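Trainee: Have a look; sequence and predicted model below, questions after that.
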Amino acid sequence: MTLEFDACRRAAEARDSRFDGWFFTAVKTTGIYCRPSCPARTPKRENVVFYPSAAAAQAAGFRACMRCRPDAVPGSPEWDLRADLVGRAMRLIADGVVDREGVSGLARRLGYSERHLHRRLVDTLGAGPLQLARARRAQTARVLLETTDLPITDVAFAAGFSSVRQFGETIRDVFALAPRELRRRRPRAPGAPRAPRSARTGATLSLRLPYRAPLDAAGLMAFLGARAVPGVEERLNGSYRRSLRLPHGAGTVELSPAGGHVQAALRLDDLRDLAAAVERCRRLLDLDSDPQAVVDALGGDALLGGLVREAPGRRVPGHVDGAELGLRAVLGQQVSVAGAATVAGRLAAELGEPLEAPLGGVARLFPSTAAIASADPEALPMPRSRARALAGLAAVIEAGELELDPGADRADTERRLLALPGIGPWTAAYVAMRALRDPDAFLPTDLGVRHALERLGRDGSPRAASAAAEAWRPYRAYATQHLWAQLA
């Protein structure tokens, strides 16, 4: 990624928080790197260098500013916009693939050699996959050290480190403090309750998820609540709860919008799943989005401009599990939102695994692909043709022939989906929008899109919708959300 010095300098001088996460400002005289909105005095021009990632600044020998917390910002929205190798790699690194499978596993998933992958990431971000994963682990560790009372050993493994020694060395390199010193310096409000000592006993961890303002929290909660699968999800008093199927075990989360952040209360079977759970919750709520960029692109549109300006913080809800979303998309074919949720609830009651520690009405996991693939389609609570399509999709996912995660090649995944019996363009586009995180996905045949366009006085036919949507690139998924929202 090429950073234009003067543009970065202007953003830093203005302390413009919209650019937090897009790039990082490093000061040669202090050896510290900051977010663009850091309140510290602006350094002299000759003493500043800009980096496209925190990992690049760390690799150059800079340590994180303890005043502005440059790691405690939303991620760059560029990684959802980019469908190339770098964008796919960054989405998988954020999910913890390097920690779980190593660089070789990351390269295998992407279909490239380790050498080529490393070269592309260094060219774009100034750091290779190991450095990028290390920066992510350091960020998670700092949050845990400052917001919980977990033992140091638990923090190390929850953040994805393979050893306590590696954890200590990284924290000292990045923050110039030992882990215990970093914890002692954390702010604590007078009389604030202490966080749980250990998540191994099933305690709940409460973390703040930052985002770029504004955020249409009410719209997000309404969207998720309307589609909530009984037993798997629920909306309660403005919050959203659901079960989580994670790499090392199960968990639950309750997401509650608060002033300037979303509060996430997580309960995990295995503490190693913390970083993956947080990242998936961020994807679910689209918290790395840049709402100003969406307004700039759509706010002047003759058809959508008014809707966009009225709700500038509207997001495109993602999902915590791409396979689950794909299966639920099949269930939603040619039925209402409420009808799809009802059928999914019946399926979950029959095939979903119960949770050891339910959270209110959230008592089980959505059925695994293995459970659905091995079930008799004739016995599933839905029309036979849909049951066969559901079982067929579950089988190819379970066999590893299709991956529905943000690191998948979007165009190739769409082709593979359309080749499966019973799956059409609507399902493929819906999966691209929510599971693959494609901000330009569009559903021209969707009945809601048709009705919304007709309500706006336009032709809602698929051909006319596709033609109108050309002006909404590369944010057609956001345009779709605005169309759907006006029907609600």
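Mentor: Arrived safely.
Trainee: where's the nearest residue to Val335 once chain neighbours are set aside, which helix or strand?
Mentor: Closest residue to Val335 apart from its sequence neighbours, by Cβ to Cβ, 6 or more residues apart in numbering: Val343 at 7.3 Å. C-beta coordinates here come from the backbone N, C-alpha and C atoms, glycine included. Per DSSP states H and E: Val343 is located in helix 337-351.
Trainee: Mind listing what's buried along that helix?
Mentor: Buried residues in helix 337-351, counted by 16 or more other Cβ atoms under 10 Å: Ala340, Ala341, Thr342, Val343, Ala344, Gly345, Arg346, Leu347, Ala348, Ala349, Leu351.
Trainee: ok, of these, which one's closest to Pro214?
Mentor: Minimum separation from Pro214 among these (Cβ to Cβ) is found for Ala341, which lies at 28.2 Å.
Trainee: Tell me which residues touch that closest one, please.
Mentor: Contacts for Ala341 (Cβ atoms under 8 Å, 6 or more residues apart in numbering) come out as Ala226, Arg227, Ala228, Val229, Pro230.
Trainee: From Arg235, how far off is it?
Mentor: Counting by Cβ to Cβ, to the nearest Å, the gap from Ala341 to Arg235 is 11 Å.
Trainee: Identify the contacts common to those two.
Mentor: Common contacts of Ala341 and Arg235 (Cβ under 8 Å, 6+ apart): Ala228.
Trainee: The residue nearest to Leu207 when sequence neighbours are not counted: neighbour count?
Mentor: Nearest non-adjacent residue to Leu207, counting by Cβ to Cβ, 6+ apart: Ala264, 5.0 Å away. Using other Cβ atoms under 10 Å, Ala264 is surrounded by 19 other residues.
Trainee: roughly how far apart are Ala264 and Ser206?
Mentor: 7 Å.
Trainee: Tell me which residues of the lengthiest helix in the chain come out buried.
Mentor: Assignment by DSSP state H gives helix 129-147 as the longest helix of the chain. Residues 129-145, 147 are the ones in helix 129-147 that count as buried (16+ other Cβ under 10 Å).
Trainee: Export it to PDB, keeping only CA atoms.
Mentor: Below are the C-alpha coordinates for helix 129-147, written out as PDB (Å, rounded to 0.1, in the frame of the first residue of the first chain):
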ATOM      1  CA  PRO A 129       2.000 -12.900   7.900                       C
ATOM      2  CA  LEU A 130       3.900 -13.700  11.100                       C
ATOM      3  CA  GLN A 131       4.400 -10.100  12.000                       C
ATOM      4  CA  LEU A 132       0.800  -9.200  11.200                       C
ATOM      5  CA  ALA A 133      -0.400 -12.100  13.400                       C
ATOM      6  CA  ARG A 134       2.000 -11.100  16.200                       C
ATOM      7  CA  ALA A 135       0.600  -7.500  16.100                       C
ATOM      8  CA  ARG A 136      -2.900  -9.000  16.400                       C
ATOM      9  CA  ARG A 137      -1.900 -11.100  19.400                       C
ATOM     10  CA  ALA A 138      -0.300  -8.100  21.100                       C
ATOM     11  CA  GLN A 139      -3.500  -6.100  20.600                       C
ATOM     12  CA  THR A 140      -5.700  -8.900  22.200                       C
ATOM     13  CA  ALA A 141      -3.300  -9.300  25.100                       C
ATOM     14  CA  ARG A 142      -3.300  -5.600  25.900                       C
ATOM     15  CA  VAL A 143      -7.100  -5.500  26.000                       C
ATOM     16  CA  LEU A 144      -7.200  -8.500  28.300                       C
ATOM     17  CA  LEU A 145      -4.400  -7.100  30.600                       C
ATOM     18  CA  GLU A 146      -6.200  -3.800  30.900                       C
ATOM     19  CA  THR A 147      -9.800  -4.900  31.100                       C
END
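Trainee: Give the rounded mean pLDDT of whichever helix or strand comes after that helix.
Mentor: Next helix or strand after helix 129-147 toward the C-terminus (DSSP H and E): helix 152-158. Helix 152-158 comes out with an average pLDDT of 93.
Trainee: now the angle from the next helix or strand after helix 152-158 to helix 129-147?
Mentor: For helix 152-158, the following helix or strand on the C-terminal side (DSSP H and E) is helix 164-175. Angle, helix 164-175 to helix 129-147, by axes from the mean of the first three to the mean of the last three Cα atoms, to 10 degrees: 90 degrees.
Trainee: Can you spell out which helices and strands pack onto helix 164-175?
Mentor: Applying 3 or more Cβ pairs under 8 Å, 6 or more residues apart in numbering; DSSP states H and E, we find helix 164-175 packed against strand 63-64, helix 129-147, helix 152-158, helix 179-184.
Trainee: hang on, isn't Thr204 packed against Ala264?
Mentor: No - the criterion here is Cβ atoms under 8 Å, and Thr204 misses it with Ala264 at 10.0 Å.
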